[in-house]
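In: predicted coordinates and the sequence they were generated for:
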Amino acid sequence: MLTQTTTRVLEPSDLGAVLAILESEPVANAFVTSRVQVAGLDPWRLGGEMWGWYADGRLRSLCYSGANLVPICAGPEAVRAFADRARRAGRRCSSIVGPAEPATQLWRLLEPSWGPAREVRANQPLMVTESLSADVTPDPLVRRIRKDETEIVMPACVAMFTEEVGISPLAGDGGLLYQARVAELIGAGRSFARIDDGKVVFKAEIGAVTPQACQIQGVWVAPEHRGKGLSETGMAAVLRYALADVAPVVSLYVNDYNTPARKAYRRVGFREVGAFMSVLF
């Protein structure tokens, strides 16, 4: 019998209730929803636990606890409960990420025991679009990456990750998990690039995918080609693929200080609808 408010690790039998919560905010929850739709709630397949917060016997909020700690549809009381559970378990994640308000509160509660963080990105605008802008012509040279081109695109993926996160994805396990993820996206037809003379000029991936929404990630332009508008034309090309083949709504989130990127994405057709927050350890 559940108490009036309580948290517990959710099980495969809870899948329907979990999906109902995730799908109530399909854009903000795209990353976790995509994982749950593929892996279910078995921790081994999911890559972490799904915590549930109950009020009056009903599942109201979630928190994904894996490589990332992600509060989902969580109000202040649920966040406090998730923080208590996370504190007792100890930090196992490499980041906290999620909608800005609950993620900020979660970090405020965990910082005394988990801090200091390597970096806190307090405001990362969440951007969405349902259509292509007529103002930017998609780059016709941006295309899906073939499996036999994995070694060509891998250095660009590593460079992007290192620039964005501040550490190399090859650290720790030698990059085995990261390389497997890159290969997975290529195999799924969700990795895109423009390759000139055997070198990647622009690249991006469609990471999270659900029937309702998808999320573009890993946008990168080779340093020697920056300032030429390739982020706009390249993004327009990836957006065209995404809207035609993947989902009716496309999203991404970007660091608030990256003014050129925000401007480029707006030109392509994205608009800001909210904000994420990330804490990197």
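Out: On my side now, so go ahead.

In: residue ranges of the helices in the chain, please?
Out: 15-22, 30-39, 43-46, 76-89, 100-114, 150-165, 171-174, 176-187, 230-245, 259-268 (DSSP state H).

In: surely residue 92 meets residue 65?
Out: Yes. In terms of CB atoms under 8 Å, residue 92 counts as a neighbour of residue 65; the distance is 7.3 Å. C-beta coordinates here come from the backbone N, C-alpha and C atoms, glycine included.

In: show me the contacts for the residue lying closest to residue 218 once chain neighbours are set aside.
Out: Leaving aside its sequence neighbours, residue 218 sits nearest to residue 205 (CB to CB, 6 or more residues apart in numbering; 4.6 Å). Contact analysis of residue 205 by CB atoms under 8 Å, 6 or more residues apart in numbering lists 185, 190-192, 216-218.

In: quick check: bridge partners of residue 205?
Out: Residue 205 forms beta bridges with residue 191, residue 217, as assigned by DSSP bridges.

In: tell me if I'm right that residue 219 and residue 261 touch.
Out: Yes. Residue 219 sits in contact with residue 261 when judged by CB under 8 Å, with a separation of 7.4 Å.

In: who touches both of these two?
Out: Common neighbours of residue 219 and residue 261 (criterion: CB under 8 Å, 6+ apart): residue 231.

In: re the thing from before, okay, residue 92 and residue 65: which has more neighbours?
Out: residue 65 (22 against 12; other CB atoms under 10 Å).

In: tell me the contacts of the more buried one?
Out: So residue 65 contacts 48-51, 86, 89, 92-93 (CB under 8 Å, 6+ apart).

In: packing partners of the helix-or-strand element of the chain with minimal mean pLDDT?
Out: The least trusted helix or strand in the chain, going by mean pLDDT, DSSP states H and E, turns out to be helix 171-174, with a mean of 82. Contacts defined by 3 or more CB pairs under 8 Å, 6 or more residues apart in numbering; DSSP states H and E place helix 171-174 against no helix or strand at all.

In: and if we set it to 10 Å?
Out: helix 176-187 (3 or more CB pairs under 10 Å, 6 or more residues apart in numbering; DSSP states H and E).

In: mind listing what's buried in the helix it packs on?
Out: By neighbour count on 16 or more other CB atoms under 10 Å, the buried set for helix 176-187 is 178-179, 182, 185-186.

In: bridging residues for residue 49?
Out: Bridge pairing for residue 49 (DSSP bridges) gives the partners residue 65.

In: now the closest residue to residue 17 other than its chain neighbours: how far from residue 139?
Out: Sequence neighbours aside, residue 59 is the residue nearest to residue 17 in space, at 4.7 Å (criterion: CB to CB, 6+ apart). In this view, residue 59 and residue 139 are 45 Å apart by CB to CB, to the nearest Å.

In: more neighbours, the two?
Out: The neighbour comparison of residue 59 against residue 139 (other CB under 10 Å) goes to residue 139, with 21 against 18.

In: roughly how far does the more buried one sit from residue 6?
Out: Counting by CB to CB - residue 139 and residue 6 are separated by 52 Å.

In: shaky segments in the chain?
Out: 1-3 (pLDDT under 70).

In: ok, now which ones touch the most centrally placed residue in it?
Out: When CA atoms, centre = their mean is applied to the chain, the residue found nearest the centroid is residue 31 (5.2 Å). Residue 31 makes contact with 64, 68, 70, 72, 97-98, 207-210, 215, 217, 251, 253, according to CB atoms under 10 Å, 6 or more residues apart in numbering.
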